[in-house]
Structures are given as structure tokens and as C-alpha cells.
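>>> Whatever this is, show me its structure:
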Amino acid sequence: MATETLDAKGLNCPMPIMKAKKAMKGLSSGDTLAIEATDPGSVKDFEAFCRATGNELVESGEDGGIFKFLLKKG
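As a prediction, this is how the structure comes out:
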């Protein structure tokens, strides 16, 4: 179960990343953030975001047009 959940459905780049960045600031190291987005570009965006910030992309998947991510704060 994620520490926090972010609904970024209906938002286009760069909004899902901006909202995730803000949400991650409020988390402690080791906490997780579950994100749901509809922007197909968010897949590569969250991979790059995690590389750049030192956070871990624990899970990434797609279900019926909804892209789901689980990020762990580094």
C-alpha cells in the first residue's frame, strides 16, 4: 500500500511530473507514492524523473489506458 496517492488522470506533460515532484517533497525517505495518469508520455517522463531525482521507480504499468506508477522516495 502506497504512503500517498496522486491522481494525475487527464493532465498532460509536464503536469503529472510537477504534481509528483510536489507530493514527493512531503514524503520521508522510503515512503511511496502511487500515481495514475492518462498521458502516454508519462511513462518516459517518470523514468527520467526518477533517474534525475534519485527516487526509485518500483512499478510501472498500464491498464485500460491508465498508466500506473509506484515511486519510492530515495
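>>> residue closest to the middle of this protein?
The centre of the chain sits closest to Ile35, judged by CA atoms, centre = their mean, with a distance of 4.6 Å.
>>> what's in contact with the helix or strand containing that one?
Under the assignment given by DSSP states H and E, the secondary-structure element containing Ile35 is strand 32-37. For strand 32-37, contacts defined as CB atoms under 8 Å, 6 or more residues apart in numbering pick out 2-9, 11, 16, 20, 23-24, 27, 42, 46, 58, 66-73. Backbone N, C-alpha and C define where each C-beta goes, glycine included.
>>> Can you flag which of the residues you listed belong to strands?
When these are checked against strands using DSSP state E, the ones located there are 4-8, 58, 66-72.
>>> Most widely separated two among those residues?
With distances taken as CB to CB, the most widely separated pair in those is Ile66 and Lys72, at 20.3 Å.
>>> And the two? Which one has more around it.
In terms of neighbours (other CB atoms under 10 Å), Lys72 is the more surrounded of Ile66 and Lys72; the figures are 19 against 11.
>>> burial measure for Thr53, as a count.
When counting by other CB under 10 Å, one arrives at 14 neighbours for Thr53.
>>> contacting residues around it?
By CB under 8 Å, 6+ apart, the contact list for Thr53 reads 21, 24, 74.
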